[in-house]
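Chemist: The following comprises the amino acid sequence and a computationally predicted model.
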There are 2 protein chains.
Amino acid sequence: MSSRRHDVGVLVEHARQGQARAVARLISLVEDGAPELREVAAALARDTGRARVVGITGAPGVGKSTSVSVLITALRAAGEKVGVLAVDPSSPFSGGALLGDRVRMQDHALDDGVFIRSMATRGHLGGIAWATPQALRVLDAAGCDVVLVETVGVGQSEVQVVALADTTVVLLAPGMGDGIQAAKAGILEVADIFVVNKADREGADQTIRDLKHMISLGRQGTVGPSWRPPIVRTVATTAEGVEDLLAAMEEHRAWMLSHGELDARRQRRAEAEIEAIALAQLRSRLGDVLRGSALPGLAKRVVVGELDVYHAADELIAAFGGS
Amino acid sequence: MSSRRHDVGVLVEHARQGQARAVARLISLVEDGAPELREVAAALARDTGRARVVGITGAPGVGKSTSVSVLITALRAAGEKVGVLAVDPSSPFSGGALLGDRVRMQDHALDDGVFIRSMATRGHLGGIAWATPQALRVLDAAGCDVVLVETVGVGQSEVQVVALADTTVVLLAPGMGDGIQAAKAGILEVADIFVVNKADREGADQTIRDLKHMISLGRQGTVGPSWRPPIVRTVATTAEGVEDLLAAMEEHRAWMLSHGELDARRQRRAEAEIEAIALAQLRSRLGDVLRGSALPGLAKRVVVGELDVYHAADELIAAFGGS
């Protein structure tokens, strides 16, 4: 017990020094929901909020991983320390790579200014929604200037992951018009920057026109100055347009800072995280109350018709409050 | 407000006298989750637990509704008052009938010893899981000797509905071997009685052999006397075997009474219902606490790194306890 506590303190210290093994070990701890999770969170609290967190999302096949890879290269060239969290079972970072992708990733793997980590789903995406904010704090503590969070842009839990980002980049590709259509509902709200990747392919102009139309529809009724998501053309396989994407990311950050939006987002994010944790703990505490409680007696009174279930629930909650 | 209160009292009184309109109106109230729900529940508490509740479940096409119809006829012939709750979008009681079924149902519709009610899904099955126990209490109060609850035997919410029954009848039909296979996981645990309907069709013997094998496997490792689900052959379209089914139902009831199992089931059922209501109310109360609470301040301290999310959640829960 005390040796474990010691371990966490040492690991956090080593992670702060940028040691890759300590970073990996801490992320494994939070991913496992290990008993040390609370301890890790407490130790990392003061390191929070330095890294720029950029979400990269989009349907399978649009080139997310290749884009992440060229972003890493460009950010490293600018002297920035980069973390990557891949929350995407189809990502090469998660082991589902094409050979070409793997080779490209291995370049980064040898670079000690890059931490790459895939968050294993372990069968339950809900777990990822829990672990990812803590994993992000680990990378933040390790001194990453930028953390890229890669997700496939579908599913409730992944939306929660996207909500972690300061800036969300939504990738599209030509010839996936159905994809735009299908994604319409959700992506306008989350996208800070649109990227049309594979922009050398036929249909890229049409995709951009469709997007512009969608963005202008989405802005109808908006009052006052707000961020208008730019559309960046890239060809990730040749790194074409990656500088434009970095510029758009910088521009969005500057806009957020000048409009108080960065603070507002981090505030909302912290509120949501605290609330989720509190609710889970209440549920678990209710379970404890039930296991040694008034419930059997209350249920018996319901069975014999002395009490209805709503009043029984009221009494149970009263017992809960007093525990 | 007070006129509504008056209404509920009058409705409950009329329902106790067996007036069909009052029964229908009360079930609508509980189905809507109307503000009167608590009031209805309180007024009905003392009427609980008289009716025998029989769940009828099985895959679409096995003949559930036809079986329910012949059961109604047989129970009526024995002088029993019968309620039917159809929690099945494909049931003729829910409006998805073949003409033949509809005509058959209409016979019962003219019989004032029969209350038939389909529980509308209204897009959320969770709602049905909530409303069905209350609807059952309404039918109980109205003097039903037997309430048949018809469900399609798939899905989490329907499992909850099945859990309402004192006796659960699982229907199968020959030539749906895949169905047995698929259902294996769940039906052994819930089935008190198996019915192989359409028993005049080819393959009925094979279905029964498969079932027997499955039951014997399921009983391996069981210690002491326990109920062994009988297999009843029926041809619901001609009412063949319906007397055997009624006999099996009686036998199961007698077994439950002599083994304390009926009380045990009703106890478990009441506990589960109270717990679900208490949890929902806690969640809603937490929402109230959050809306006017310490959360923004706690989140701010997390954002600036003074506090980690777990300790923030602890403080939030402390505020909740004091509310």
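Modeler: Cool, the structure landed.
Chemist: Quickly check: the host helix or strand of residue A:248 near chain B or not.
Modeler: Assigned by DSSP states H and E, residue A:248 belongs to helix A:242-258. No: Helix A:242-258 does not reach chain B (C-beta under 8 Å from any C-beta of the partner chain); its nearest approach is 13.9 Å. (Each C-beta comes from the backbone N, C-alpha and C, glycine too.)
Chemist: Return the set of buried residues in whichever helix or strand comes after that helix.
Modeler: Per DSSP H and E, the first helix or strand lying C-terminal to helix A:242-258 is helix A:261-291. Using 16 or more other C-beta atoms under 10 Å in any protein chain shown as the test for burial, helix A:261-291 gives A:261-262, A:265-267, A:269-279, A:282, A:286, A:289-290.
Chemist: Could you tell me which other helices and strands helix A:261-291 packs against?
Modeler: When contacts are defined as 3 or more C-beta pairs under 8 Å, 6 or more residues apart in numbering or on different chains; DSSP states H and E, helix A:261-291 packs onto helix A:125-141, helix A:242-258, helix A:309-321, helix B:261-291, helix B:295-303, helix B:309-321.
Chemist: Adding mean pLDDT and distance to residue B:242, write the ones you listed out as CSV.
Modeler: Shown next, in CSV, are those (pLDDT from 0 to 100; distance: least, C-beta to C-beta, whole Å):
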stretch, mean pLDDT, distance to residue B:242
helix A:125-141, 77, 46
helix A:242-258, 97, 71
helix A:309-321, 82, 34
helix B:261-291, 81, 23
helix B:295-303, 89, 60
helix B:309-321, 82, 54
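Chemist: Export these as CSV, with columns for distance to residue B:134.
Modeler: Formatted as CSV, these follow (distance: least, C-beta to C-beta, whole Å):
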stretch, distance to residue B:134
helix A:125-141, 31
helix A:242-258, 50
helix A:309-321, 8
helix B:261-291, 9
helix B:295-303, 34
helix B:309-321, 28
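Chemist: so which of the ones you listed comes closest to residue B:148?
Modeler: Closest to residue B:148 of those, according to C-beta to C-beta: helix B:261-291, at 16.9 Å.
Chemist: quick one on the thing from earlier: would you tell me which of the helices and strands packed on helix A:261-291 gets closest to residue A:84?
Modeler: So among the helices and strands packed on helix A:261-291, helix A:125-141 is nearest, using C-beta to C-beta, at 8.6 Å.
Chemist: Adjacent strands (with direction) for whichever helix or strand comes after the closest one?
Modeler: Downstream of helix A:125-141, the next assigned helix or strand under DSSP H and E is strand A:146-152. Sheet pairing for strand A:146-152, assigned by DSSP bridges, gives strand A:52-58 (parallel), strand A:82-87 (parallel).
Chemist: Could you look over those strands and pick the most buried one?
Modeler: strand A:82-87 (a mean of 27; mean count of other C-beta atoms under 10 Å in any protein chain shown).
Chemist: Count residues in the vicinity of the nearest residue to residue A:27 once chain neighbours are set aside, would you?
Modeler: For residue A:27, ignoring the flanking residues on the chain, the nearest one in space by C-beta to C-beta, 6 or more residues apart in numbering or on different chains is residue A:135 at 4.7 Å. The local packing of residue A:135 (other C-beta atoms under 10 Å in any protein chain shown) involves 26 other residues.
Chemist: ok, the residue of the stretch 51-200 of chain A found nearest chain B to residue B:58 distance?
Modeler: For the stretch 51-200 of chain A and chain B, the shortest gap (C-beta to the nearest C-beta) falls at residue A:133, measuring 7.4 Å. For residue A:133, the distance to residue B:58 (C-beta to C-beta, to the nearest Å) stands at 45 Å.
Chemist: Next: residue A:207.
Modeler: Per C-beta to C-beta, residue A:207 is found 49 Å from residue B:58.
Chemist: Give the burial count for residue A:313, as a bare number.
Modeler: 23.
Chemist: hmm, I was thinking of residue A:17
Modeler: Counted with other C-beta under 10 Å, the neighbours of residue A:17 add up to 11.
Chemist: Break down the stretch 101-250 of chain A into its strands, ranges please.
Modeler: Applying DSSP state E, counting those that start in this stretch to the stretch 101-250 of chain A gives strands spanning A:114-118, A:146-152, A:167-172, A:193-196, A:231-233.
Chemist: mind listing what's buried in the longest one?
Modeler: Think strand A:146-152. Across strand A:146-152, burial judged by 16+ other C-beta under 10 Å covers A:146-152.
Chemist: Export those to CSV and append columns for pLDDT.
Modeler: Shown next, in CSV, are these (pLDDT from 0 to 100):
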residue, pLDDT
A:146, 97
A:147, 95
A:148, 94
A:149, 91
A:150, 87
A:151, 81
A:152, 69
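Chemist: Out of those, which comes closest to residue B:218?
Modeler: Among the buried residues of strand A:146-152, and counting by C-beta to C-beta, the member closest to residue B:218 is residue A:152, at 40.0 Å.
Chemist: From chain B, how far off is residue A:47?
Modeler: Noted for residue A:47: a distance of 7 Å to chain B, by C-beta to the nearest C-beta, to the nearest Å.
Chemist: Contact partners for the nearest residue to that residue once chain neighbours are set aside?
Modeler: Nearest residue to residue A:47 in three dimensions, chain neighbours excluded: residue A:141, at 3.6 Å (C-beta to C-beta, 6+ apart). Applying C-beta atoms under 8 Å, 6 or more residues apart in numbering or on different chains to residue A:141 gives the contacts A:12, A:15-16, A:44, A:47.
Chemist: May I ask which helix or strand of chain A has the lowest mean pLDDT?
Modeler: None of the helices or strands of chain A scores lower by mean pLDDT, DSSP states H and E than helix A:99-109, at a mean of 52.
Chemist: And the helices and strands packed on helix A:261-291: which comes nearest residue A:111?
Modeler: Nearest of those (C-beta to C-beta): helix A:125-141, 14.8 Å.
Chemist: returning to what we had before: and residue B:21, which of the strands paired with strand A:146-152 is closest to it?
Modeler: Residue B:21 sits nearest to strand A:52-58 of all the strands paired with strand A:146-152, at 54.4 Å, using C-beta to C-beta.
Chemist: Quick check: mean pLDDT of the closest one?
Modeler: For strand A:52-58, mean pLDDT rounds to 91.
Chemist: which element follows that strand toward the C-terminus?
Modeler: Remark: after strand A:52-58, the chain's next helix or strand is helix A:64-77, criterion DSSP H and E.
Chemist: who does that following helix touch, helix- and strand-wise?
Modeler: Counting by 3+ C-beta pairs under 8 Å, 6+ apart, helix A:64-77 packs on strand A:52-58, strand A:82-87, helix A:99-109, strand A:146-152, helix A:242-258.
Chemist: Try it again at 10 Å.
Modeler: The helices and strands touching helix A:64-77, judged by 3 or more C-beta pairs under 10 Å, 6 or more residues apart in numbering or on different chains; DSSP states H and E, are strand A:52-58, strand A:82-87, helix A:99-109, strand A:114-118, strand A:146-152, strand A:167-172, helix A:242-258.
Chemist: backbone phi and psi for the residue nearest to residue A:76 when sequence neighbours are not counted, please?
Modeler: Excluding its sequence neighbours, the residue lying closest to residue A:76 (C-beta to C-beta, 6+ apart) is residue A:113, at 5.9 Å. Main-chain dihedrals, residue A:113, degrees, to the nearest 10: phi -100, psi 10.
Chemist: now for the helix holding residue A:248, which elements pack on it?
Modeler: strand A:52-58, helix A:64-77, strand A:167-172, strand A:193-196, strand A:231-233, helix A:261-291.
Chemist: residues of that helix that come out buried?
Modeler: For helix A:242-258, using 16+ other C-beta under 10 Å, the buried residues are A:242, A:245-246, A:248-249, A:252-253, A:255-256.
Chemist: Repeat that for stretch A:36-52.
Modeler: Buried, per 16+ other C-beta under 10 Å, within stretch A:36-52: A:36-45, A:47-49, A:51-52.
Chemist: With that, I have no additional questions.
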